[in-house]
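Colleague: what shape does this take:
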Amino acid sequence: MNRTLDIAPLRSFVAVADAGGFQRAADALHLSQGAVSQHVRRLESAIGRPLVERSGRGSRFTADGEKLLGLARGILALHDEGLRSFDDEARGTIVIGSTEHAAAQLLPHLAAALDGTALDGTALDGAGPRYGVRFRIDRGARLRESFATGRIDLALLIGPADDPRATPVGDLALTWYAAPGWTPPRQGRPLPLVAFDHPCALRDRALVTLSHHAIPVAIAAEANQLAGVQAAVSAGAGVALLATLGQTPEGLVPRDDLPRPKPLPLALWTCQGVAPAVAERVADTLRRLLTTPVLTKVPPHDLVLAKGA
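Modeller: Now for the predicted structure:
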């Protein structure tokens, strides 16, 4: 039997699950979406069965895909541990949890900072020890649960840093977006709002901002993930308040004719046991990114994997 499960395709496959889609996995791995898709096809060829199937506007793992996902995590863990045993500089893997808001811009820079390299591959001066990075993209409430149980080492969470484990790193600027050509309703009619499912800091900030300016609102569409919000806005369902670090998502346009919302504070939460130098390196990177325009392109609407977890 001449079949092989190569490490690179397995890593792409796991990244698709952890990042929530092919494009976000490609961004996290610094690959093209086509390369990630090719890796999945190579695994399907080796297994001889489909691993991902269409599901509505997105896609999900098949039963065989879920089975391979568990196996892939074990294979990669053994592979990476083996390599680390020969590398005195590498000191393990840091798990960083983040909501989807501006993750496409922030996470690649954090991975590069912990790996000791810039995004162009050049070594960073004084970067210190290198660390592997694994990301967990989820809703804020679930990230807090994962952080509390120790499954996440560092968490990027929106909200006040009112806990000794939290370090303020800056503010997320917020922008209203709509589809090109979208026109607001006539005066007196409620403004159609596309929002994330409750609870959500962006949803709350949007409603408070509009209420403060006596603008009536009607929830026109709701979604659990960023891809769903962007798809609804792109379809003309209404406007949405997003944090994109100044990078306009594909298919949307900013609206400066709506009240300017206050930014949302972002904090870095550090789990007990994480080296202070690691947390400070991540915090410094975030502070620079939140005060300097980020050049990483926002991905197009992603294929979001529907998972029960």
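Colleague: can you get me a residue count around the closest residue to Val52 other than its chain neighbours?
Modeller: Take Val52 and drop its neighbours on the chain: the residue closest to it by Cβ to Cβ, 6 or more residues apart in numbering is Ser59, 5.3 Å away. For glycine as for every other residue, the C-beta is placed from the backbone atoms N, C-alpha and C. Using other Cβ atoms under 10 Å, Ser59 has 18 neighbouring residues.
Colleague: next: Arg11.
Modeller: Residues near Arg11, counting by other Cβ under 10 Å: 20.
Colleague: contact partners for it?
Modeller: Listed by Cβ atoms under 8 Å, 6 or more residues apart in numbering, the contact set of Arg11 reads 29, 76.
Colleague: what about Asp171, which SS state?
Modeller: Of the three states, Asp171 takes strand under DSSP: H, G, I helix; E, B strand; the rest coil.
Colleague: what pairs with it across the strands?
Modeller: Pro265 (DSSP bridges).
Colleague: so how far is Val253 from it?
Modeller: 23 Å (Cβ to Cβ, to the nearest Å).
Colleague: same deal with Cys200?
Modeller: For Cys200, the distance to Val253 - Cβ to Cβ - is 22 Å.
Colleague: tell me where the stretch 1-150 of the chain is predicted with low confidence.
Modeller: The model of the stretch 1-150 of the chain has pLDDT under 70 over residues 1-2, 56-58, 84-92, 115-130.
Colleague: need the strands for it, in chain order.
Modeller: For the stretch 1-150 of the chain, the strands defined by DSSP state E, counting those that start in this stretch occupy 52-55, 58-61, 90-98, 130-137.
Colleague: confirm Leu258 sits in a strand?
Modeller: No - counting by three-state DSSP, Leu258 falls outside a strand, being coil.
Colleague: tell me how the protein divides into domains.
Modeller: The chain breaks down into these domains under automatic domain parsing: 1-86, 90-171+265-309, 175-262.
Colleague: quick check: end-to-end length of the last one?
Modeller: When you say that, I think you mean domain 175-262. 10 Å (Cα to Cα, to the nearest Å).
Colleague: can you show me the helices along the stretch 1-150 of the chain?
Modeller: Along the stretch 1-150 of the chain, the segments classed as helices by DSSP state H, counting those that start in this stretch run 7-19, 22-29, 33-47, 63-84, 103-115, 140-148.
Colleague: select, out of those, the one closest to Ile158.
Modeller: Distance to Ile158, taken as Cβ to Cβ, is lowest for helix 140-148 among the helices of the stretch 1-150 of the chain, at 6.3 Å.
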